[in-house]
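Asks: Here's my sequence, what's the structure:
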Amino acid sequence: MSDPWLTTLITATPQQGFELAVTLGRRGVKTTQPDAEVLHKLRPVYANDADALTAASQVVAINFQTIAAANNYWR
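Replies: Numbers count the residues shown, from 1 in each chain. Prediction:
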């Protein structure tokens with residue numbers, strides 16, 4: 001992998017935590033399929049597939065759960 005970009009899971013607010021969770025999901029997809037041409041070709045398929053969208057939401061939710069725990073649930 002390239003230079004470290006994720007130096008902490010600590011965020012100031014839940015909103016920032018959610019945005020980090022989305023970023024983690026997107027970076028995971030990009031890492032799994034680094035070919036941008038393939039990504040763009042497949043996007044219309046999964047963008048219109050309810051199961052694929054639900055799975056993507058689940059990934060974000062799991063990431064957010066991890067970030068929330070790391071932040072002691074912003075208590």
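Asks: Any chance you could list what contacts the longest helix that the chain contains?
Replies: Across the chain, the longest stretch assigned as helix under DSSP state H is helix 50-70. If you take C-beta atoms under 8 Å, 6 or more residues apart in numbering as the criterion, helix 50-70 is touched by 9-11, 14, 17-18, 20-22, 24-25, 28, 45-47, 74. The way it works is simple: take the backbone N, C-alpha and C, and place the C-beta from them, glycine included.
Asks: what do you get for stretch 11-27?
Replies: By C-beta under 8 Å, 6+ apart, stretch 11-27 touches 5-6, 9, 56, 59-61, 63-64, 66-68, 71, 74.
Asks: Identify the farthest-apart pair in these.
Replies: Greatest spatial distance among the contacts of stretch 11-27 (C-beta to C-beta): 56 and 74, at 24.2 Å.
Asks: show me where pLDDT drops low in this protein?
Replies: 1 (pLDDT under 70).
Asks: No further queries at this time; thank you.
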